[in-house]
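Peer 1: Quick one: sequence plus predicted model below, questions after.
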Amino acid sequence: MYGSASTHDIPTQAATGLENEDPILLAEFEARIARGEKIEPTDWMPQLYRKQLTRMIEQHAHSEIIGSLPEGTWITRAPGFRRKMAQMAKVQDEVGHAQLLYSAAETLGKTREQMLSDLVNGKSKYSNVFNYPTPTWADSNVISWLIDAGAIVNQMANAKGSYGPYCRALDRICAEEAFHLKYGHDAVVHMATGTPIQRKMMQEALNRWWPAIMTFFGPSDKMSVHTEILMRWKVKMATNDACRQQFLDMYVPKIWEIGLTLPDPNLRKNEDGVWEFSEPDWEDFKRVINGDGPCNAERIAVRRAAEENGAWVRRAMQQPQARYVRPLA
Amino acid sequence: MNPTLDLLYRLADDQLILGHRNSEWNGLGPILEEDIAFSSMAQDKLGHSLQLYTLLHELGEAEPDTVAFTRNTPQFHCCQLTELPIGEYDFSLVRHFLFDHAELLRFEALADSSYEPLALVARKVKGELKYHVLHANTWVKRLGTATEEAIERMQAALEFTLPYALGIFETTDAESEIISSGLFVGEEQLQRRWEASISKVLAQTALTLPDLRLLTPVTGGRHGQHTEHLQPLLDEMAEVFRLDPTADW
């Protein structure tokens, strides 16, 4: 899981602050990126690049730990040894991804403690899909397969970005995600081809999740503010619509192949090979991302409780003589 | 009960139930690294229980999934220590420390069991438990020598948990046969080794091990008597499985 470019805010051209940067250093920085070189933590970078990347990697990290909650609740309910162990390993991977990503974000100057504090105080966001509930085991399977699939589309693109530590973290993450995809697919296929109870559970879960999946890559490019500078700096590697089209092209046929249906009568591939679909409810998306979704409060409350209950351990771990050292990769 | 079955059920149920409890730390650990560590240990324990239930299946008992996911409280033989809710990190850490010291010594002894299939499993399991003990020792030493707050919490957790931990060594009617047939060295001997093992680690901290002879062990688990916490755990574990027991999930 679970990163999605849709979570980070994109600056308007007016507020880039680029006029305050040294033009020679900036030109050199842009030339390096254009040549396909990676930017490393100790290299010069514009403030806007640092700020956008920090926010993006941090939100990706938050998405991993918050995303581990809806699937995590099914660890203790997973049916049978095989699923129970696989679900645990899968969710554990996601927490491991958070660890990798917080380290990558820390290279830009913000501590993990500060990032987690911003998460519980509502100052930073995470992928909006995790504000929806997972009422059944089948919902958890849908996340494992299709949300992870969406994340892979996004992360494979971002792994070719310009910031070295983030790219390296994403390479490792994508390798693990490939297994999650197989796990999720296998679990969904078992349900979709199983007993009538299982088939019904799976179809209902897919119906519930489809609207959220369609918003996973963020608002349509028609609605997004200008992303040119982030694309040029290789912070954002593909547009929201391009990612969404790629996802539909890869997964809708697979969903139909196992006999499941999708709750959108307008979903079809036109003669030009472009997927058409009903426009998602972006007003609802905005409402949920701004805190008013079915599970926002619960997710943050769990995280806050974990932070508060564990504070004594972190206090005990602090050595008075220790000095904060920013990781290098 | 047949002594081999008696022993295997106790071993397997301990691993299953504590593995399940450890997995509840997902998303709740004091630092991310501890979410990950508890998940690793949970996966190991689930794997150990599966191997032990598989041995039981080879002896004519039901399939591992059936045994694990369809029994009720009185049919479980785990010690009560394993079934207690995760509580706060201090309790879960102390439980992990006290339980895994016993488990490592237990499986080291079982590696020489006269029942060869069990000895084979034990040789593999003990290698993994070594890391569980290493993890517990690291944290107990770290927190047991840290702030006053941490030491106080750890001491209180230790005093609360010890009577339950003594319940690990509760015996059944099969005990003398288990020992005489060479299946296992027996709980009394295991407890002696365990006391030495935990004392050695605690001596390197600011924590005090109470006189164990003055404590009353919490027993009953080995005979199917459990706390009120076990049945809700079992209901949760089987929630999906029981929706359609004929299904392949």
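Peer 2: That came through, no problem.

Peer 1: Which residues of the stretch 151-300 of chain A lie near chain B?
Peer 2: A:187, A:190-191, A:194-195, A:197-198, A:201 (C-beta under 8 Å from any C-beta of the partner chain). Glycine gets a C-beta too; all of them are placed from N, C-alpha and C.

Peer 1: Please list all residues in contact with residue 140.
Peer 2: The chain I'm using is chain A. A:70-71, A:73-74, A:87, A:134 (C-beta atoms under 8 Å, 6 or more residues apart in numbering or on different chains).

Peer 1: oops, chain B please
Peer 2: By C-beta under 8 Å, 6+ apart, the contact set of B:Val140 is B:93-94, B:97, B:154, B:201-202, B:205, B:207.

Peer 1: top of these by neighbour count?
Peer 2: Counting neighbours by other C-beta atoms under 10 Å in any protein chain shown, B:Val94 comes out on top of the contacts of B:Val140 with 28 neighbours.

Peer 1: measure that one to chain A for me?
Peer 2: 13 Å (C-beta to the nearest C-beta, to the nearest Å).

Peer 1: where do the helices sit along chain B?
Peer 2: B:3-23, B:32-58, B:64-70, B:80-83, B:89-110, B:116-143, B:148-166, B:175-180, B:187-202, B:230-238 (DSSP state H).

Peer 1: how about CSV for the ones you listed, with mean pLDDT and distance to A:Gly293 added?
Peer 2: Below are those laid out as CSV (pLDDT from 0 to 100; distance: least, C-beta to C-beta, whole Å):
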stretch, mean pLDDT, distance to A:Gly293
helix B:3-23, 98, 27
helix B:32-58, 98, 24
helix B:64-70, 96, 33
helix B:80-83, 98, 35
helix B:89-110, 98, 30
helix B:116-143, 98, 37
helix B:148-166, 98, 36
helix B:175-180, 98, 56
helix B:187-202, 98, 47
helix B:230-238, 98, 25
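
Peer 1: Out of those, which gets nearest to A:Pro253?
Peer 2: helix B:64-70 (33.1 Å; C-beta to C-beta).

Peer 1: low-confidence ranges in the stretch 201-329 of chain A?
Peer 2: A:224-226, A:320-324, A:328-329 (pLDDT under 70).

Peer 1: Can you name the residue of it nearest to chain B?
Peer 2: A:Gly310 (2.6 Å; C-beta to the nearest C-beta).

Peer 1: B:Gly27 is in contact with that residue, correct?
Peer 2: No: in this structure A:Gly310 lies outside contact range of B:Gly27 using C-beta atoms under 8 Å: 11.4 Å.

Peer 1: so for stretch A:175-190, what's the average pLDDT?
Peer 2: The pLDDT scores in stretch A:175-190 average 96.

Peer 1: Buried residues, that stretch. List them.
Peer 2: A:176-177, A:180-181, A:183-190 (16 or more other C-beta atoms under 10 Å in any protein chain shown).

Peer 1: Farthest-apart pair in these, please.
Peer 2: A:Glu176 and A:His190 (21.4 Å).

Peer 1: wait, which of the buried residues of stretch A:175-190 is closest to chain B?
Peer 2: Closest approach between these and chain B, by C-beta to the nearest C-beta: A:His190, at 6.2 Å.

Peer 1: Now which of the residues of the stretch 151-300 of chain A next to chain B would you call buried?
Peer 2: Neighbour-count burial (16+ other C-beta under 10 Å) applied to these gives A:187, A:190-191, A:194, A:198, A:201.

Peer 1: just checking, which of those belong to helices?
Peer 2: Assigned to helices by DSSP H, the following of those qualify: A:187, A:190-191, A:198, A:201.

Peer 1: okay, those residues in TSV with distance to A:Ala27 next?
Peer 2: Putting those into TSV (distance: C-beta to C-beta, whole Å) gives the following:
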residue	distance to A:Ala27
A:Ala187	51
A:His190	56
A:Met191	55
A:Gln198	60
A:Met201	57
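
Peer 1: Closest to B:Glu34 out of those residues?
Peer 2: A:Ala187 (27.3 Å).

Peer 1: For A:Val153, see how far away that closest one is.
Peer 2: Shown here: A:Ala187 relative to A:Val153, a distance of 20 Å by C-beta to C-beta, to the nearest Å.

Peer 1: Excluding chain neighbours, what is closest to the residue in chain B positioned nearest to chain A?
Peer 2: Distances between chain B and chain A by C-beta to the nearest C-beta are smallest at B:Pro30, namely 2.6 Å. Distances taken as C-beta to C-beta, 6 or more residues apart in numbering or on different chains place A:Gly310 nearest to B:Pro30, at 2.6 Å, with adjacent residues excluded.

Peer 1: And the one you found, how close does it get to B:Phe69?
Peer 2: 32 Å.

Peer 1: try A:Trp210
Peer 2: For A:Trp210, the distance to B:Phe69 - C-beta to C-beta - is 31 Å.

Peer 1: ok, those two, which is more surrounded?
Peer 2: Taking other C-beta under 10 Å, A:Trp210 and B:Phe69 do not tie; B:Phe69 has more neighbours (22 against 19).

Peer 1: what residues are up against that one?
Peer 2: A:79-80, B:237-238, B:241-242.

Peer 1: pLDDT score for A:Ala5?
Peer 2: pLDDT for A:Ala5: 46.

Peer 1: So which of the residues of the stretch 151-300 of chain A next to chain B is the closest to B:Arg192?
Peer 2: A:Ala187 (46.5 Å).

Peer 1: Quick check: A:Thr227 touching A:Lys236?
Peer 2: Yes: A:Thr227 is within contact range of A:Lys236, at 5.7 Å (criterion: C-beta under 8 Å).

Peer 1: Between those two, tell me which one has more neighbours.
Peer 2: A:Lys236 (23 against 16).

Peer 1: was I right about that one contacting A:Leu230?
Peer 2: Yes: using C-beta under 8 Å, A:Lys236 is in contact with A:Leu230, at 4.2 Å.

Peer 1: buried residues in stretch B:135-145?
Peer 2: B:135-137, B:139-140, B:143-144.

Peer 1: Also stretch A:78-86?
Peer 2: Quick answer for stretch A:78-86 (16+ other C-beta under 10 Å): A:78-81, A:83-86.

Peer 1: neighbours around residue 218, how many?
Peer 2: No chain specified, so I'll use chain A. Neighbour number of A:Gly218 under other C-beta under 10 Å is 25.

Peer 1: right idea, wrong chain: chain B
Peer 2: 20.

Peer 1: pLDDT score for it?
Peer 2: pLDDT at B:Val218 comes out at 98.

Peer 1: same check, this time on A:Glu106
Peer 2: 97.

Peer 1: what sits against the nearest residue in space to it that is not next to it in sequence?
Peer 2: In this structure, A:Glu106 finds its nearest non-sequential neighbour in A:Pro327, 5.4 Å apart by C-beta to C-beta, 6+ apart. The contact partners of A:Pro327, taken as C-beta under 8 Å, 6+ apart, are A:103, A:106-107.
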